[in-house]
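A.B. asks: sharing a sequence plus its predicted fold:
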Amino acid sequence: MSNKRRRGTLGKVLAVFAVLATALVLGLGATPGVASAQGEANLGVPAHEKTATKNEDGTYTVTLSVTGATDSSSETISKPVDIVLVVDQSTSMNEGDRMTNVRNAAKQLAESVLADNGDGQVRISVVLFGTYTQDKQGNPKVGGSGWLTSASAVVNEIPTYAPNDQTGIFANGNGTNWEAGLRDASNILQTARSEAEKYVIFLSDGEPTYRLEDAGDDTGMFESWAGRFFDRTTGERVYWIPGLFSEGHFSTSPIDIGGRDVDTANVEYVEGTGNTNPNQVNSDAALEVAKQISQNATFFSVSAESGTDWLMSSFHQRVTGSTDGFYSAGDAGSLNEAFNDISSIIRSEASYRNVTITDTLSQWVTGVSTDGSATADGRVEPSTFTYSKNGEAWSDAPRATVGEDGTITWALGENLTLEDDVTYSMSFVVALNQAAYDDAASKGQTTSYPTNGEASISYDVYKTVNGQPSGEPEHGTGTYESPSVEVPVSTLTITKVWDGDGVKPESVVFDVYQDDEKYGDPVTLTDDGSGNWTGQVVVAAGPEGHTYSLSEVNPGDGWTVGSITANDTDEQKVTLTGLTAQTATFTVTNVPESYALWVYKTDADTGEPLHNAKFDLYAAADDGTFVKSAENLIGQGVVGTEAEDDHAVFEGLQPGTYYLMETHVPAGYQLKDEPYKIVVSSSGIQFASTPDGEMASASKVDGQDRTYQVSFKNVKAADGEIPSTGGAGNLPLYVTGIVAIAGSVMAVRKVRRS
């Protein structure tokens, strides 16, 4: 952020006025009088800037700088300067030898600024005006003298006696047309060098009595012969020639013989009485032209007649916005005082000293130690300051200090004069604090914050005349604009994985925890249409950082959380720390909920409970068939003799196909040689008496969660058979009852088969 001071060779222009004033004093004499000082060599707030540059480690280097400058009216001219001198040569300028005095002033001006001007760095163009723009004989002329680089050429353009108006408008004298003179100066400025400093010095001694108008309807015999029409591009006088069969035209010949036709668009008319400025209409006509000049050049006004000071002063203020640059030179006393003042300014110089810069850190940053860590108290450590001068290390720079309240003060000292166009800088490193990262994350996006609080610059402007101090130093202050830096946010990517078959919910919801406290709003994930369940949540990292974890609010009906992993590890939490944007991933795997099966045995004839029966449960092979193998065996169950174990229990059954094989029957009963088919799904458990038999639904066990029961009837063995070791034939199965699910049970072994 920068605050620039507009600089220019104001001293050079003041020197111009000094020479003008000198000549006027010499011409009119000098007597003691009082005049206010005008345009002293001066300086505004020095150019100063504060920047924040991001470093690779996420810290920022803050730099405060100030650039020296000097203002001197006697400095060597080192760049092009184009000056337009606009001089009133109306008849009244012959009163009191004003015209001669102006010529003498112009001579001293030219000799001063054009001395040793072999390279043409400085140029002057002279514009003379009266009723219209003229040459020194009073003939109409536009374009001024052209750009002149020698004093003799400048002096030769200005008469010693104001001429009569040779246009014929005012044959026995010469009027005053401010607009014409300033219009010509504005046109001449268009030919000035683009890199040059441009100045216009406007001098007049009376109210304007004429102005310019487009030809328009102001045509006719009287106006034509009164000499009021001119070709604005050449300055030639033109005449209106009425047409016999047309509207007529303009010609440079009054009788249209041998004359040159002139486009009406190029013709202008001189309007006015020659002796009045009714309602300031003539001066107002010149105002817009003068304002255009002031946009491209430094504009000065000199009143050579105290009686019109009020008008010229008001005119100058309306042009520039202030009376700075207006000079009253209407009598010998004021001229003498002005000359003394301007003479001292010519040899005066202003420069900056006693510059002090203060700064504070904002609530969002902290100082950084030399080892790269944040300072314990948040303040900047004085040992970390670095200094430069015009971009080079400045080893003997005055040292900055840090107060108890953290205020940084860099006093360059009363004895250090800032060199012209030299930049002095002081830098230190800061880091965004945890509060900045937390606040940005709460806003859900990267956010800009100021690195610094209030920063200011104070200075003194010292003036010297001929190398000696002049007056008391002028104290001034300014403020720095604080740069802002972007505080990054971090992200957690949450992915849901479904491991198993089943109907998936429309959405799942997670709570995010920051340092074991619930953080922000719940996060909802849905299928993006291609089977992906992924979402992101904005969180904060920062120098201290935070630890994040997840909790699934509702895994979905028939599903349970199988695992939560962070960054593809076994950890369920992740810590984000760092000054740059951090990322982490959570993968939440859901598996179908498990089921339990209770198997009872009863006598086929009496229905009485049977005991001492044993079963093996096998998971189906990949093709869904029964394969009796150790790999597929997932559990064994026994029907005991006590009430609490009067049924075989198989827990942890996930949806899939299973086969239940009877391995032992009570004494005297027939052993079944084919397995029972068991199918577990989210809708419950079904079974069949054979692998290919018709499926029937088991019933839930009352009061148990996802628990079902079946009861198989055993048939007594025929006499002589040994049922406990095997047997032949199919034994009929009868389902005696099934009851409901409630509560969860621990799985013996979780298995999924289709």
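C.D. replies: Cool, the structure landed. Given the structure is predicted, the values throughout are model-derived calculations rather than measurements.

A.B. asks: packing partners for the helix or strand where residue 327 lies?
C.D. replies: Using DSSP states H and E, residue 327 sits in strand 326-328. Counting contacts by 3 or more C-beta pairs under 8 Å, 6 or more residues apart in numbering; DSSP states H and E, strand 326-328 is packed against strand 298-303, helix 309-320, helix 332-346. Yep, even glycine has a C-beta here, placed from its N, CA and C like the rest.

A.B. asks: any idea which of these scores lowest on pLDDT?
C.D. replies: Mean pLDDT values for the helices and strands packed on strand 326-328 show the minimum at helix 332-346, a mean of 37.

A.B. asks: show the subsequent helix or strand relative to that helix.
C.D. replies: strand 348-359.

A.B. asks: helices or strands up against the helix or strand following that next one?
C.D. replies: Counting by DSSP H and E, the next helix or strand C-terminal to strand 348-359 is strand 365-367. Contacts defined by 3+ C-beta pairs under 8 Å, 6+ apart place strand 365-367 against strand 423-432.

A.B. asks: quick one: strands adjacent to the strand it packs on?
C.D. replies: Looking at strand 423-432 with DSSP bridges, its partner strands are strand 60-67 (antiparallel), strand 365-367 (antiparallel), strand 386-389 (antiparallel).

A.B. asks: residues contacting the last one, please?
C.D. replies: With C-beta atoms under 8 Å, 6 or more residues apart in numbering as the test, strand 386-389 has contacts from 393, 394, 395, 397, 422, 423, 424, 425, 426, 427, 428.

A.B. asks: now the spatially closest residue to residue 526 that is not a sequence neighbour: how far from residue 533?
C.D. replies: Spatial nearest neighbour of residue 526, chain neighbours left out: residue 507 (4.7 Å); criterion: C-beta to C-beta, 6 or more residues apart in numbering. Distance of residue 507 to residue 533, given as C-beta to C-beta, to the nearest Å: 9 Å.

A.B. asks: now for those two: what residues contact both?
C.D. replies: Here residue 507 and residue 533 share the contacting residues 525, 526, scored by C-beta under 8 Å, 6+ apart.

A.B. asks: these two: who's more crowded?
C.D. replies: Taking other C-beta atoms under 10 Å, residue 507 and residue 533 do not tie; residue 533 has more neighbours (18 against 13).

A.B. asks: element containing residue 51?
C.D. replies: Here residue 51 sits within strand 47-54, counting by DSSP H and E.

A.B. asks: tell me which residues of that strand are tucked away?
C.D. replies: 47, 48, 49, 50, 51, 52 (16 or more other C-beta atoms under 10 Å).

A.B. asks: so how far is residue 452 from the fifth one?
C.D. replies: Put plainly, it is residue 51. Distance of residue 51 to residue 452, given as C-beta to C-beta: 11 Å.

A.B. asks: name the residues contacting each of these two.
C.D. replies: Common contact partners of residue 51 and residue 452 (C-beta under 8 Å, 6+ apart): 62, 483.

A.B. asks: any low-confidence regions in the stretch 501-650 of the chain?
C.D. replies: Filtered on pLDDT under 70, the stretch 501-650 of the chain yields no residues whatsoever.

A.B. asks: please enumerate the strands of it.
C.D. replies: 507-514, 517-526, 533-539, 542-552, 559-566, 573-578, 583-592, 595-603, 613-619, 633-639, 648-653 (DSSP state E, counting those that start in this stretch).

A.B. asks: with distance to residue 418 as new columns, can those strands be given to me in CSV?
C.D. replies: As requested, the strands of the stretch 501-650 of the chain are exported to CSV (distance: least, C-beta to C-beta, whole Å):
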stretch, distance to residue 418
strand 507-514, 51
strand 517-526, 52
strand 533-539, 47
strand 542-552, 37
strand 559-566, 57
strand 573-578, 41
strand 583-592, 48
strand 595-603, 86
strand 613-619, 88
strand 633-639, 88
strand 648-653, 83
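
A.B. asks: closest one to residue 210 among those?
C.D. replies: The closest of these to residue 210 is strand 533-539. By C-beta to C-beta, the value is 73.2 Å.

A.B. asks: give me the contacts around the closest one.
C.D. replies: 441, 444-445, 489-498, 508, 512, 514, 519-520, 523-528, 546, 548, 576.

A.B. asks: equivalent analysis for stretch 369-380, please.
C.D. replies: By C-beta under 8 Å, 6+ apart, the residues outside stretch 369-380 that reach it are 57, 59, 361, 366-368, 381, 383-384, 402, 406, 408, 428, 430-431, 433, 543.
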